[in-house]
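*Asks:* Return a 3D structure for these sequence lines:
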Amino acid sequence: MTHDLSLIAMVSGGIALLHLLVIGSRRHDCPALILVSLLMGLAALRPPAAVIRSIEVGMGETLDFVAVVVGLGAMFGRLLEASGGAESLARGLIRAFGESKAQWALAATGFIVSIPVFFDVGFIILVPLVYGLTRKTGRPVLYYGVPLLAGLAVTHAFVPPTPGPIAVADLLGAELGWVILLGIVAGIPCTLVAGPLFARWIARRVPAGIPSYAETAPPQAGRELPPLGTVAALILLPLGLILANTVSKQVLAETSRARDVLMFAGHPFVALLTATLLCFWLLGTRRGFTRGEVQEIAAKALEPAGIIILVTGAGGVLKQVLIDSGVGDVVKNALSGSPLPLLVLAFLVAAAVRVMQGSATVAMMAGAGLIAPVLEGMPVSQPSRALLVVSIAAGATIASHVNDSGFWLVNRYFGLSVSDTLRSWTVMTTLIALVGLAAAGLLSLVVG
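*Replies:* Model prediction:
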């Protein structure tokens with residue numbers, strides 16, 4: 001019992017130190033996570049060589065999958081951005097929905113675009129559309145801005161191949177096909193509630209207009225926007241292949257040749273590689289980019305991806321140190337006696353870290369790192385594991401405030417005061433989190 005209490009105290013102290021390093025001394029997430037993992041391993045009285053081995057195993061086992069998927073996804077998303085594909089999708093959906101339903105078009109645009117494109121990049125690309133509609137209709141900027149933000153935020157957190165859900169799925173042993181399917185299903189009500197519905201309410205209370213210093217995006221350098229159908233097909237292709245792989249395991253015999261083909265084509269490596277190569281051709285060289293320009297775009301995409309990959313690997317290190325130190329068994333025993341469902345516990349862990357230090361990525365890694373040991377040896381189905389990913393993603397989305405860079409991005413681009421940003425953006429992210437948890441709970445009754 002004394003040993004268990006010392007391990008719990010070690011974890012609590014480690015999480016507190018992580019917050020101090022990230023917030024107080026502004027250390028980067030990756031070295032902070034590795035340093036805390038190292039100190040926690042030593043505090044558990046493990047031999048130094050064993051602690052180093054845990055770090056090597058945790059980093060290696062996480063990155064052997066995540067690095068490839070995140071890297072390919074980053075290149076895909078960067079070329080989609082550079083070619084004007086994201087803008088083409090947004091304009092096409094607005095035409096299809098009609099100006100009277102532009103809110104829904106912007107929510108759908110954000111929902112689709114943020115699957116391959118990072119949240120902040122997608123927002124910066126698409127915010128001129130919000131400005132244009134605001135100028136044309138005279139409505140408050142949040143009337144159109146919030147639906148776009150909601151769509152972007154939901155799939156950025158819930159749906160692979162964005163880095164967060166990929167990393168959590170890997171740590172929890174969840175199939176990406178199930179994570180994609182259930183992330184989309186859970187994400188739709190989140191987007192509707194926190195997007196168009198909330199926007200109509202908050203726009204009347206925060207009648208902000210376009211800030212005077214706002215600049216529109218520079219025009220495309222002599223290139224027409226790519227066709228809407230091409231862009232939509234490229235985004236949906238890898239998702240469809242991965243989902244087909246998951247479905248084939250449920251409906252086809254193990255000896256089926258068709259199942260072997262779908263399993264190969266639907267592996268995340270193959271699916272994303274196929275989509276990325278097609279993107280290089282259809283949105284790159286075929287539309288006037290030189291091979292050198294395409295190569296430069298791909299190389300630039302790997303710069304932010306490298307940071308995300310390292311932070312993700314550091315999250316894997318934390319998980320492995322917790323398991324090897326025996327913390328996993330202690331946490332498992334503690335949580336098994338809790339009256340709260342595991343979905344709720346996963347949500348609360350991620351939410352607590354998110355509110356305290358702001359980074360959704362660190363919150364997801366911490367939540368997955370503490371929940372993963374609980375799943376060791378437990379007969380948890382793939383749908384249930386996927387719903388845990390959704391729950392952790394929802395918790396890591398909650399209550400974005402002044403310690404989150406996304407808060408200030410929205411604050412500046414929409415010219416809001418801090419209090420109005422709290423009333424709009426912070427409430428919106430909280431709605432996403434709560435609806436996401438509710439959706440995960442309801443889905444668990446069906447597929448769990």
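*Asks:* The stretch 1-150 of the chain: helices as residue ranges?
*Replies:* Taking DSSP state H, counting those that start in this stretch, the helices of the stretch 1-150 of the chain run over residues 2-19, 29-43, 48-82, 85-97, 102-113, 119-137, 141-158.
*Asks:* following the worst-scoring helix or strand of the chain on mean pLDDT, which helix or strand comes up?
*Replies:* Taking mean pLDDT, DSSP states H and E as the measure, the chain has helix 327-336 as its least confident helix or strand, at a mean of 64. Beyond helix 327-336 in the direction of the C-terminus, DSSP states H and E gives the next helix or strand as helix 342-357.
*Asks:* helices or strands up against that next one?
*Replies:* Using 3 or more C-beta pairs under 8 Å, 6 or more residues apart in numbering; DSSP states H and E, the elements in contact with helix 342-357 are helix 2-19, helix 360-375, helix 382-395, helix 427-447. C-beta here means a position set from N, CA and C on the backbone, and glycine is covered the same way.
*Asks:* So which of those is nearest residue 93?
*Replies:* Closest of these to residue 93 is helix 427-447, at 20.3 Å (criterion: C-beta to C-beta).
*Asks:* Can you point out the buried residues in the closest one?
*Replies:* For helix 427-447, the neighbour count (16 or more other C-beta atoms under 10 Å) marks 427-437, 439-441, 443-444 as buried.
*Asks:* Farthest pair within those?
*Replies:* It's 427 and 444 that sit farthest apart of the buried residues of helix 427-447, by C-beta to C-beta, at 26.0 Å.
*Asks:* chain center to stretch 286-300: distance?
*Replies:* The chain centroid and the centroid of stretch 286-300 are separated by 26 Å under C-alpha atoms, centre = their mean, to the nearest Å.
*Asks:* Name the residues that touch it?
*Replies:* 75, 78-79, 82-83, 223-224, 226, 280, 284-285 (C-beta atoms under 8 Å, 6 or more residues apart in numbering).
*Asks:* pLDDT on it, on average?
*Replies:* Averaged over stretch 286-300, pLDDT sits at 89.
*Asks:* Can you report how many residues lie near residue 380?
*Replies:* A count of neighbours around residue 380, defined by other C-beta atoms under 10 Å, yields 18.
*Asks:* Then residue 417?
*Replies:* 11.
*Asks:* try the one 4 residues further on
*Replies:* Taking other C-beta under 10 Å as the criterion, the count of residues near residue 421 is 23.
*Asks:* what residues are up against it?
*Replies:* Shown in contact with residue 421 (C-beta under 8 Å, 6+ apart): 407, 410-411, 414.
*Asks:* do that again at 7 Å, thanks
*Replies:* 407, 410-411 (C-beta atoms under 7 Å, 6 or more residues apart in numbering).
*Asks:* Surely residue 72 is in contact with residue 275?
*Replies:* No - with contact defined as C-beta atoms under 7 Å, residue 72 does not reach residue 275; the gap is 8.1 Å.
*Asks:* The helices and strands packed on helix 342-357: which one's closest to residue 146?
*Replies:* With respect to residue 146, and counting by C-beta to C-beta, the nearest of those is helix 427-447 at 5.9 Å.
*Asks:* So which of the contacts of stretch 286-300 sits lowest on pLDDT?
*Replies:* residue 223 (64).
*Asks:* Just the closest of the buried residues of helix 427-447 to residue 13, please.
*Replies:* Using C-beta to C-beta, the buried residues of helix 427-447 come closest to residue 13 at residue 433, 27.0 Å.
*Asks:* For residue 289, see how far away that closest one is.
*Replies:* 39 Å (C-beta to C-beta, to the nearest Å).
*Asks:* try residue 278
*Replies:* Distance, residue 278 to residue 289, using C-beta to C-beta: 14 Å.
*Asks:* who's in contact with residue 81?
*Replies:* Neighbouring residues of residue 81 by C-beta under 7 Å, 6+ apart: 117, 121, 125.
*Asks:* re earlier: could I get the helices and strands packed on helix 342-357 as TSV with distance to residue 188?
*Replies:* Output for those, formatted as TSV (distance: least, C-beta to C-beta, whole Å):
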stretch	distance to residue 188
helix 2-19	33
helix 360-375	20
helix 382-395	12
helix 427-447	8
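*Asks:* Of those, give the one that comes closest to residue 32.
*Replies:* That would be helix 2-19 among the helices and strands packed on helix 342-357, by C-beta to C-beta, at 5.9 Å.
*Asks:* tell me the angle of the closest one relative to helix 360-375?
*Replies:* Helix 2-19 runs at 170 degrees relative to helix 360-375, counting by axes from the mean of the first three to the mean of the last three C-alpha atoms, to 10 degrees.
*Asks:* Can you spell out which helices and strands pack onto helix 2-19?
*Replies:* The contact analysis (3 or more C-beta pairs under 7 Å, 6 or more residues apart in numbering; DSSP states H and E) places helix 2-19 against helix 29-43, helix 327-336.
*Asks:* Go ahead and name everything in contact with the first one.
*Replies:* Under the criterion C-beta under 7 Å, 6+ apart, residues 10-11, 14, 17-18, 21-22, 48, 51, 54-55, 310-311, 314-315, 317-318, 321, 325, 359, 361-362, 365 lie in contact with helix 29-43.
*Asks:* Any chance of a PyMOL selection covering the buried ones in the residues you listed?
*Replies:* Here is the PyMOL command that selects the buried residues among the contacts of helix 29-43 (16+ other C-beta under 10 Å):
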select buried, resi 10+11+14+17+18+21+22+51+54+55+310+311+314+315+317+318+321+325+359+361+362+365
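*Asks:* tell me the pLDDT at residue 381?
*Replies:* pLDDT, residue 381: 91.
*Asks:* which SS class is the closest residue to residue 265 other than its chain neighbours?
*Replies:* Here the nearest residue to residue 265 in space, its sequence neighbours aside, is residue 241; by C-beta to C-beta, 6 or more residues apart in numbering that works out to 5.3 Å. Recorded secondary structure, residue 241: helix (DSSP: H, G, I helix; E, B strand; the rest coil).
*Asks:* Run a quick neighbour tally on residue 241.
*Replies:* Neighbours of residue 241 using other C-beta under 10 Å come to 21.
*Asks:* Report the separation between the residue positioned nearest the centre of the chain and residue 190.
*Replies:* With distances taken as C-alpha atoms, centre = their mean, the residue of the chain nearest its centroid is residue 157 (2.8 Å). According to C-beta to C-beta, residue 157 and residue 190 sit 9 Å apart.
*Asks:* what sits in contact with each of those two?
*Replies:* Joint contacts of residue 157 and residue 190 (C-beta under 7 Å, 6+ apart) do not exist.
*Asks:* tell me, how many neighbours does residue 98 end up with?
*Replies:* 10.
*Asks:* for the one 3 residues further on, same thing?
*Replies:* Other residues near residue 101 number 15, with proximity taken as other C-beta under 10 Å.
*Asks:* same thing with residue 178?
*Replies:* So residue 178, with other C-beta under 10 Å, has 23 neighbours.
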